[in-house]
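J.: Sequence below, structure please.
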Amino acid sequence: MNFKKIHFLLLLFIHSISNCFAQELVPPLDIPLYLSGSFGELRSNHFHSGIDFRTQGVIGIPIKSVKDGYISRINVSPYGYGNAIYINHPDGITSVYAHLDKFAPKIETVVRDSQYQAESFVVTLYFAPEELPVKMGERIGLGGNTGSSGGPHLHFEFRETESERVIDPLPFFMEKIKDTRPPEIRGIMLFPQFNEGIVNQSGQNQPITLKKDKAGKQSIANPITAWGKIGIGIKAYDRMNETSNIYGVPEIILKVDGEIVYHSVLDNFSFDDTRYLNTYVDWKDWIENKSFYMKSFTDPGNRLGINQSLSNGIILIDEERKYQIEYILKDIYGNTSTLNFEILGQETLISENITSDIYFPFNRDNEYIEKGIQLKIPRKNLYTDIYLNIDTISKHTFFAPLYVIGERIPLHTYCPLILDITNDTYSDKSKYGIVSNWRNKKTWLGGKYEDGKMIAEIRELGEFSIEIDTTPPVITPVTPAKWGVNKRISFKITDNLSGIASYKGTLDGEFVLFEYDAKTNSLYCVYDSKRMKKGNQLLHLVVTDRAGNNSEFQQNIVF
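T.: Take a look at the predicted model:
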């Protein structure tokens, strides 16, 4: 079955679900609906898998189930979705509610019991249909800012229950959210293909400046010349009424001389495919400038499957004439923006770049064993063919050189990397870890020691070395004099390199639940009359980093 047929069938499925939900669906919030984030929005290493409802900048707004169903799963984590509820509905759809501050009382009791039983703040719980049923409009929690959230909001998703494929929820709420504003085009990038194309006499990617006339119509500021094979990319955002937020653009059409060469619609995707964002956009411009140019062509290793046109979007400029280029951008309300410009075909000698770098094709298993490096990149992990300059810079750390494995390039999944410890002199091997290096910023990857080597998994190429972490985490009490009165014990916990791995608190030797907010380094325990006793007790807290270093804190406290 070809992609177009699959996509057509999926759209029929979504349409049927939409009709069913439109009859009974209620919003998850009782306040006016505004979005702070849209479906498919471009994020670091992933597409945004839902929509973000604004909660008026505060924590504690009631959150409701949009339809009858049952809670099938609950996640609690200091990262990602934070406190999250998954509700299965009879229609074959699962709704997801993330970053909650608190759960509704009947749910909170189940979660707390499970956390105390596991002696862990982090839990993933699964439920049968009869265990936690919910009705449409029933309160399931309060909006919050837990996990990796950047501010109070509700992250909301629809997933196909069986496959967990995410679907844009916005069509189900369009009548309650006003949008008459078309997408905004911010920039154009031209991508001459390696050794096969040239733009403005250069083989490098070329950002194209735009300008506006007095009527607001956009055009390119300077003429463009090209020859050979080129790709085009666009930087654009969408906006909605009555809000200053910017959103992603779900539909992009590129025409050359009136013919569609690229057409993408981002209204659903699989979590297995979300990392293809790194080839959907210009990765280098993202990591260097934090801007997103969306490619209107598909790299050979891009299996995202949102391209609805027959070609890969690469344009062949092989005649000395003007090529008419048209971009059409649409949001789901049908608001449309267009940009028209010309590329002048100008026959130019395309000099072949001769490189002695190591060649890794995208469509086969690749392996490198040399210079103290063992690297394996199985097929389907590269998005295009690459040439790697692999080298070492001696004495980068006391234990190893700087291993330079090409430029910083994304890999689709984790790949094994083994590095030699050239000065393997530290007695406690558990303290060794591989670190990545980017603009003098170190990120601990850790790994496993084995016979003078460190083994770790990487998802990017670039620069690596080996260091040790022997410094334990720092535990800082926050207003300890008020703990008993406020019935809340608070700490800040930080680590210098490997990062916080675990934490455990007890009162007179009995486990008590500490909640952790990783983004603020906050660790806190709220007095629980059901599970904690009153009176003078000895608080004992142990915090461990990823290299196994421990810090301990003890103090008597009176509740």
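
J.: how about the helices in the protein?
T.: Assigned by DSSP state H, the helices in the chain fall at 3-24, 105-118, 277-280, 283-289, 483-486.

J.: comparing the ones you listed, which gets the lowest mean pLDDT score?
T.: Of all these, mean pLDDT reaches its minimum on helix 3-24 (a mean of 48).

J.: neighbours of residue 523, just the number please.
T.: Per other C-beta atoms under 10 Å, the neighbour tally for residue 523 reads 25. Yep, even glycine has a C-beta here, placed from its N, CA and C like the rest.

J.: That one and residue 494 touch, don't they?
T.: No: using C-beta atoms under 8 Å, residue 523 is not in contact with residue 494, being 10.3 Å away.

J.: now the closest residue to residue 76 other than its chain neighbours: how far from residue 537?
T.: Excluding its sequence neighbours, the residue lying closest to residue 76 (C-beta to C-beta, 6 or more residues apart in numbering) is residue 123, at 5.1 Å. Look at residue 123 and residue 537: by C-beta to C-beta, to the nearest Å, they are 25 Å apart.

J.: try residue 210
T.: Residue 210 is 66 Å from residue 537, by C-beta to C-beta.

J.: Neighbour count: these two, which is higher?
T.: residue 537 (19 against 16).

J.: ok, now how distant is the closest residue to that one other than its chain neighbours from residue 493?
T.: Leaving aside its chain neighbours, residue 537 sits nearest to residue 507 (4.3 Å; criterion: C-beta to C-beta, 6+ apart). Going from residue 507 to residue 493 by C-beta to C-beta gives 18 Å.

J.: same deal with residue 242?
T.: Taking C-beta to C-beta, one finds residue 242 at 41 Å from residue 493.

J.: So between these two, which is more surrounded?
T.: residue 493 (21 against 10).

J.: residue contacts, the more buried one?
T.: Applying C-beta atoms under 8 Å, 6 or more residues apart in numbering, we find residue 493 in contact with 473, 474, 475, 476, 500, 503, 516, 521, 523, 543.

J.: swap in residue 355?
T.: residue 387.

J.: What is the end-to-end distance of stretch 60-77?
T.: In stretch 60-77, first residue to last residue: 19 Å (C-alpha to C-alpha, to the nearest Å).

J.: what is the mean pLDDT for that stretch?
T.: Averaged over stretch 60-77, pLDDT sits at 98.

J.: Can you give me the buried ones in it?
T.: 61, 63-77 (16 or more other C-beta atoms under 10 Å).

J.: distance between it and the chain's centre?
T.: Chain-centre distance of stretch 60-77: 22 Å, with C-alpha atoms, centre = their mean, to the nearest Å.

J.: what about the strands in the stretch 151-300 of the chain?
T.: 153-160, 166-167, 184-199, 206-208, 210-212, 218-220, 225-237, 251-256, 259-265, 268-269, 294-295 (DSSP state E, counting those that start in this stretch).

J.: packing partners for the first one?
T.: Just to be clear, that refers to strand 153-160. On a contact count with 3 or more C-beta pairs under 8 Å, 6 or more residues apart in numbering; DSSP states H and E, strand 153-160 meets strand 35-37, strand 51-54, strand 93-103, strand 166-167.

J.: Of the ones you listed, which is nearest residue 290?
T.: Checking those against residue 290 by C-beta to C-beta gives strand 35-37 as the closest, at 16.6 Å.

J.: Run through who's touching that closest one.
T.: Residues outside strand 35-37 that contact it (C-beta under 8 Å, 6+ apart): 48, 50-54, 151, 153, 155, 170, 177, 240, 243, 245, 247.

J.: Just to check, residue 107 is in contact with residue 133?
T.: No: counting by C-beta under 8 Å, residue 107 sits too far from residue 133 to count as a contact (11.6 Å).

J.: Check whether residue 235 really touches residue 293, as I assumed.
T.: Yes: between residue 235 and residue 293 there is a contact at 5.0 Å, judged by C-beta under 8 Å.

J.: Name the residue in those two with the higher neighbour count.
T.: Neighbours were counted for residue 235 and for residue 293 using other C-beta under 10 Å; residue 293 has more, 26 against 20.

J.: Please report how far that one lies from residue 317.
T.: To residue 317, residue 293 is 19 Å away according to C-beta to C-beta.

J.: Equivalent analysis for residue 288, please.
T.: On the measure of C-beta to C-beta, residue 288 and residue 317 end up 27 Å apart.
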